[in-house]
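Colleague: show me the folded form of this:
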Amino acid sequence: MDSPNLEDIQALREFKKQLFSVYWERFGTFYVHVMPHPDLKIGKRGLVGEEPESGIILVIGPRAARDIKIEEEWVYAELQFGYTWEQVFLPWDGIFRYFDKSQQTVTQMRIYLGKPDIPPKKEDTTPAGSKEEVSDLGSETSKRKDNVIQVDFGSKTKK
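Modeller: Numbering: from 1, shown residues only. Just a heads-up that it's a prediction; the model follows:
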């Protein structure tokens with residue numbers, strides 16, 4: 001697979017920003033699955049339990065989020081974890097999936113865990129930075145932790 005260039009990454013970031021806005025306007029409350037990323041910041045809480053391996057699913061909604069600011073490389077929000085509000089910086093490169101409450105719309109995307117290659121000014125064959133592409137989570141059959149949202153994408157029942 002070809003390594004992504006800065007143009008591709010910027011286009012994907014813009015797409016993720018637009019999707020974030022659409023989900024916010026259309027659903028009000030929606031979920032964001034963010035994979036572990038060097039630029040991911042979740043206040044004092046950080047990633048706990050199995051989250052450093054499988055990522056975290058965050059609720060974005062009128063009661064669970066406030067002060068949302070969409071920036072070029074990340075989205076900032078204050079999110080509520082239990083009774084505590086934490087400052088959260090979600091890098092667009094780490095956002096893996098968006099979905100609504102009923103899981104009728106699920107959008108899954110590519111993520112980039114490293115810095116993009118910026119073309120060198122001189123001809124140089126060494127990579128500018130390490131980058132890792134993740135396209136799948138593996139198994140989602142982990143046991144439920146106390147206050148960690150678990151989503152089963154495998155089963156849907158129609159009523």
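
Colleague: and stretch 75-94, what's its mean pLDDT?
Modeller: Averaged across stretch 75-94, pLDDT comes to 94.

Colleague: can you give me the end-to-end distance of that stretch?
Modeller: Distance between the boundary residues of stretch 75-94 (C-alpha to C-alpha, to the nearest Å) amounts to 11 Å.

Colleague: what of stretch 99-111?
Modeller: 16 Å.

Colleague: swap in stretch 95-110?
Modeller: 8 Å.

Colleague: surely residue 24 meets residue 60?
Modeller: Yes - with contact defined as C-beta atoms under 8 Å, residue 24 reaches residue 60; the gap is 6.8 Å. Bear in mind the C-beta positions are built from the backbone N, C-alpha and C, glycine included.

Colleague: compare the two and say which is more crowded by neighbours.
Modeller: Comparing residue 24 with residue 60 by other C-beta atoms under 10 Å, the one with more neighbours is residue 60, at 22 against 18.

Colleague: report the secondary structure state of residue 62.
Modeller: coil (DSSP: H, G, I helix; E, B strand; the rest coil).

Colleague: let me know whether it touches residue 28 as I believe.
Modeller: Yes - contact criterion C-beta under 8 Å: residue 62 and residue 28 qualify, at 6.2 Å.

Colleague: for the two, indicate the residue with more neighbours.
Modeller: Set side by side, residue 62 and residue 28 show more neighbours around residue 28, with 13 against 9, by other C-beta under 10 Å.

Colleague: dump the residue contacts of the more buried one.
Modeller: Neighbour list for residue 28: 61-62 [criterion: C-beta atoms under 8 Å, 6 or more residues apart in numbering].

Colleague: next, count neighbours for residue 33.
Modeller: Around residue 33 there are 23 residues (other C-beta under 10 Å).

Colleague: hang on, it packs against residue 103?
Modeller: No - at 11.8 Å, residue 33 does not count as touching residue 103 under the criterion of C-beta under 8 Å.

Colleague: what's whichever helix in the chain runs longest packed up against?
Modeller: Secondary structure assigned by DSSP state H gives helix 6-27 as the longest helix of the chain. With contacts taken as 3 or more C-beta pairs under 8 Å, 6 or more residues apart in numbering; DSSP states H and E, helix 6-27 sits against strand 30-34, strand 65-70, strand 95-100.
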